[in-house]
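[1] I would like the atomic coordinates for the input below:
(2 chains)
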Amino acid sequence: MIALVGYYEAWWIQILKGVIIFAVALQLVPIVLLAERKLLGRFQSRYGPNRVGPYGALQPLADILKLLTKEQFRPTTSVGFLFALAPLISILTAVAAFAIIPFGDVQNIFGTPVGLYGIDVSIGPLYLFAFGAIAFYGIMLGGWSSGSKYSFLGAMRGAAQLISYEVSQGLALVGVIITAQTLSLTGIVVAQKGMWYILPQFFGFLIFLAASFAETNRAPFDLTEADAELVGGYNTEFGGGRFASYYFAEYLNVLVVAGVVTTVFLGGWLLPFGIHPPGWVDPFVVLFKMSLITFLFIWVRATLPRLRYDQLMSFGWKVLLPLATLNALVTAILVVATH
Amino acid sequence: MPSVSPPQSAGPDPALPMRVTGWSPGEDVIEVQRTPAPGAARSTWRTFRETLRGLFTTFGRFTETPVTVQYPEEKTPVYPRFRGRHKLHRFEDIPQHGAQAGLEKCVGCSLCAAACPADCIRVVAAENTPENRISAGERYAAVYEINLSRCIFCGYCEIACPFDAITMGHDYELSDYDRSDLIFTKEMLLAEPVERTPLRNEGE
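    Purely as a prediction, here's the structure:
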């Protein structure tokens, strides 16, 4: 069935969905946190955390509790209002971006049609990039308002990096949008019924993935928090709950990117070989695909060393951007030629 | 670049150009390639290929069992010659030098204390009497204390001892909450360690 784009949902359903999305995001982040530490351990031939709870399962809980019970301090040189606001912006944009990840088609739950996504906007990727652009304020304001040189340098790097790679990220999706001929994320998933876009848009997939590593400030592009030269980057001066907020936002951004890759390139809730499971399986299919992409993120972090800053810039502008443009161009020509 | 020989022992080497003529930038400048190399497509492909190779390398580690030793539960075995906490010895069941089993080997000669470079052994000797016979010799150690917070585990005490009364054991878990708890008395050194340190087998 074709997704009902922009159909009406009762206000209480929307509120309920908002709460559920926030709750799910809040549950997923500790899991990713633990998974990252465990997997990084395995990649380095060690166990990772295994002391708190069975198999170290309560480690993220202990970490978060520790951070939340710590003192809220800030440097005397910081700008108080912005210092408190910046982590909030980061966390808010991450959750807002999470809202458009479709976990399934419109389902009938007790006779009420409910779409298994926060909101199905008709400008899906643009919404995503809009919030990605606002998320940059979280980093920029956080670093600048700290009144610390390291934070400021980290924030400036982050700003340059996010702006540079957003272009390639957007252009990598253009190919998909041209092929699917819709901007709605559910529409893009439905358009992948015949073939997932990872096959016809393989280069778009690679470019998007590479740009996403930079957009989420993950290794090998984690120059905003290059510990060796910047202490901790933009979040050097943050501690306690505010630091936890930044951390939360970072991992949620990874999940958002994993969700977008799943939706756009891996066929969302669709299963291959024409398997049509009942509707309640869809979210788990999406979560499974998301976990694969998250695994890839962790895998790459365990493998690649951090780039030098000029390498980052030259890779973004001289390699990724031309490739993304070429990809969009070739896709457009092929689509026009075959129709 | 001129080859820079290692500095000679007798003053600065006059052959070094830096000393004589001063630094000239032209000789030291190394060309750094900051842009994609000519043949960018090829180098991009090379980078991509090497990235994949790296990914498979780490994945190989991922599939292996971790090499971590889960320390408090499992301990690293030590070699037979490992110098851990000291032990004082008694005579075994087989009498030696005409001594009876169970007597202390230490005769309180203080040679270990004299040999100790860290000055951590304190011995106060006393005379054996026929009623109260503690060691095989004429005298015995009334007080024998090793301050393990000072000990450097050099093993000189073991070498100095003429009766093999003190030897280095294998225990290395010697942390404590109080410095005074680290002064081991004769009773503690004579007693068997509470937990045995695993010994590494031959060839392991």
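
[2] Over to B:Val124. Which of the three states is it?
    State at B:Val124, reduced to three classes by DSSP: H, G, I helix; E, B strand; the rest coil: strand.

[3] Now the residue nearest to it when sequence neighbours are not counted: which helix or strand?
    Nearest non-adjacent residue to B:Val124, counting by CB to CB, 6 or more residues apart in numbering or on different chains: B:Val143, 3.9 Å away. Every residue, glycine included, has its C-beta placed from N, CA and C. Take DSSP states H and E as the rule and B:Val143 turns out to sit in strand B:139-147.

[4] on that earlier part again, tell me, how many neighbours does the residue nearest to B:Val124 end up with?
    Around B:Val143 there are 12 other residues, counting by other CB atoms under 10 Å in any protein chain shown.

[5] dump the residue contacts of it.
    For B:Val143, the contacting residues are B:122-124, B:185-186, by CB atoms under 8 Å, 6 or more residues apart in numbering or on different chains.

[6] Among these, the buried ones, what's the PyMOL command?
    A single PyMOL command selects the buried members of the contacts of B:Val143 (16 or more other CB atoms under 10 Å in any protein chain shown):
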select buried, chain B and resi 123+186
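
[7] Quick check: of the contacts of B:Val143, which lies closest to chain A?
    Within those, the smallest distance to chain A is 34.8 Å, found for B:Thr185 (CB to the nearest CB).

[8] Just give the closest residue to that closest one, not the sequence neighbours.
    B:Glu145 is the one closest to B:Thr185 (CB to CB, 6+ apart), at 5.7 Å.

[9] likewise A:Thr77?
    Among residues not flanking A:Thr77 along the chain, A:Gly147 sits closest, at 2.9 Å (CB to CB, 6+ apart).

[10] Same check on B:Ser149?
    B:Ser149 sits nearest to B:Leu182 (CB to CB, 6+ apart), 4.3 Å away.

[11] Who are the contact partners of the one you found?
    If you count contacts by CB under 8 Å, 6+ apart, then B:Leu182 has B:147-149, B:174, B:176 around it.

[12] Now list the buried members of those.
    Using 16+ other CB under 10 Å as the threshold, B:147-148 are the buried ones among those.

[13] Show me where the chain has its strands.
    By default, I'm working from chain A. In chain A, the strands defined using DSSP state E lie at A:106-109, A:112-115.

[14] my bad, chain B
    Counting by DSSP E, the strands of chain B are B:86-88, B:121-127, B:139-147, B:166-168, B:183-184.

[15] Which pLDDT value belongs to the residue lying closest to A:Tyr246 once chain neighbours are set aside?
    Spatially, and ignoring its direct neighbours in sequence, A:Tyr246 is nearest to A:Asn235 (4.8 Å; CB to CB, 6+ apart). If you check A:Asn235, the pLDDT there is 82.

[16] pretty sure A:Asn235 is touching A:Gly142, no?
    Yes: contact criterion CB atoms under 8 Å: A:Asn235 and A:Gly142 qualify, at 6.5 Å.

[17] out of those two, which sits in the more crowded spot?
    A:Gly142 (31 against 27).

[18] check contacts around that one.
    A:82-83, A:86-87, A:90, A:151, A:155, A:234-235, A:238, A:246.

[19] The lengthiest helix in chain B and chain A, are they touching?
    The residue-count maximum for a helix in chain B (DSSP state H) belongs to helix B:40-63. Yes: taking CB under 8 Å from any CB of the partner chain as the criterion, helix B:40-63 and chain A are in contact, through B:40, B:44, B:51, B:54-55, B:57-59, B:61-62.

[20] Now do B:Trp23, the pLDDT please.
    At B:Trp23, the pLDDT value in this model is 64.

[21] brain fart, B:His97
    pLDDT, B:His97: 55.

[22] In contact with A:Leu162: list those residues for me.
    A:132-133, A:135-136, A:139, A:214-215.

[23] please redo it, this time with the cut-off set to 7 Å
    Residues near A:Leu162 by CB atoms under 7 Å, 6 or more residues apart in numbering or on different chains: A:136, A:215.

[24] again, but for A:Leu312
    Counting by CB under 7 Å, 6+ apart, A:Leu312 touches A:161, A:221, A:223.

[25] Let's have these in a markdown table, adding distance to chain B, pLDDT and neighbour count.
    A markdown table is the format used below for the contacts of A:Leu312 (distance: CB to the nearest CB, whole Å; pLDDT from 0 to 100; neighbours: other CB atoms under 10 Å in any protein chain shown):
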| residue | distance to chain B | pLDDT | neighbour count |
| --- | --- | --- | --- |
| A:Gln161 | 18 | 86 | 23 |
| A:Phe221 | 13 | 84 | 24 |
| A:Leu223 | 16 | 77 | 25 |
